[in-house]
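K.L.:
When you get a sec, could you give me coordinates for this:
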Amino acid sequence: MDSIFRKDVLRGKIALITGGGSGIGLEISKCLVEHGAKAVILGRNLKRLEDALAHFQKGTCSAAQCDVRNTDQVAKAVKQAMDQHGKIDILINCAAGNFLAPFETLSSKGFKTVIEIDTIGTFNVTKEVFTQSMKSGGGIIINISSTLQMPAVNMISHAAAAKAAIDSLTRSLAVELGPKRIRVNGVAPGMIEGTEGLSRLNPAKDVKLDGRVPQIPLQRSGKKSEIAQAVLFLILAEYITGQTLVVDGGLVLSFPNFTLAFPDVFQAWSSKL
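P.N.:
Numbers count the residues shown, from 1 in each chain. Coordinates of the predicted model:
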């Protein structure tokens, strides 16, 4: 989609994006670079990071292998970005993990893993970027959340809890870090086509959850580029902080539990309960 923002609006800015090697994280990274920023993308999978770099012109993006659950790896990756650029103006927390699991069979380890990647990972990277750069220089933090925690949805109690914690962290940090010239906001994507997250949440593999979707008020699923544009808007909106912007075409307004909007999907979910 065409951007409504000037192509140089982020010139001189340095952005660090976790989960930047694929999906929404990669799309956000591309969007920020297209608008003048330089990006550093973090991810666990080295091959995925190397493939992602092929989307960028030389010198506009670099990568560092990093598991956001590991504080030593996080500190090293942030230091690498600081050594390379001298500052981090923008942090996008996009690393996430999810899978379908009924509560009855969900293990403590499985619950903990998602909490560690989504919530504790967001904390770890934010704390390190704050300590090494934003504490003295200010900055902008955008946490990628979801809409799954807003209603109650089957078989994702772990992910919903993790994302609810991220939304709360967004609000708390906005209040605490605002006086230090740091704005903290979130973006909550809905059904975004071409993402691993959407495919994982659809046990009815013969049912398409992208393209034209009459159950959504805007009649279609979202695009990764539309999430990236929402992130860019919040980066540029200088008097907005502590907010999580829902970008879902209005689905949660009409069907708070999105599985109810798709009977075949709901039946497939129910068979696993």
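
K.L.:
make it CA atoms for all contacts and neighbour counts henceforth
P.N.:
Fine.

K.L.:
give me phi/psi at Leu42?
P.N.:
phi -120, psi 150 (degrees, to the nearest 10).

K.L.:
any idea what sits nearest it, other than its immediate chain neighbours?
P.N.:
Thr18 (4.7 Å; C-alpha to C-alpha, 6 or more residues apart in numbering).

K.L.:
unless I'm mixing things up, that neighbour is touching Ala95, no?
P.N.:
Yes - in this structure, Thr18 is within contact of Ala95 by C-alpha atoms under 8 Å, at 5.2 Å.

K.L.:
Please enumerate the shared neighbours of the two.
P.N.:
Common contacts of Thr18 and Ala95, defined by C-alpha atoms under 8 Å, 6 or more residues apart in numbering, comprise 25, 43, 68.

K.L.:
Which of these fall in strands?
P.N.:
Mapping those onto strands (DSSP state E) picks out Gly43.

K.L.:
can you count the residues close to the residue nearest to Ser3 when sequence neighbours are not counted?
P.N.:
Nearest residue to Ser3, sequence neighbours excluded (C-alpha to C-alpha, 6+ apart): Gln229, at 7.5 Å. The burial count assigned to Gln229 is 20, neighbours taken as other C-alpha atoms under 10 Å.

K.L.:
Repeat that for Gln80.
P.N.:
By other C-alpha under 10 Å, the residues close to Gln80 number 15.

K.L.:
Then Gly59?
P.N.:
8.

K.L.:
coming back round to it: would you confirm that the residue nearest to Ser3 contacts Leu32?
P.N.:
No - contact criterion C-alpha under 8 Å: Gln229 and Leu32 do not qualify, at 9.1 Å.

K.L.:
His158 reaches Val114, doesn't it?
P.N.:
Yes - His158 is in contact with Val114 according to C-alpha under 8 Å; the separation is 6.4 Å.

K.L.:
Could you identify the helix or strand that succeeds the helix or strand containing Lys76?
P.N.:
Assessed by DSSP states H and E, Lys76 sits inside helix 71-85. Next in sequence after helix 71-85, counting helices and strands by DSSP H and E, comes strand 90-93.
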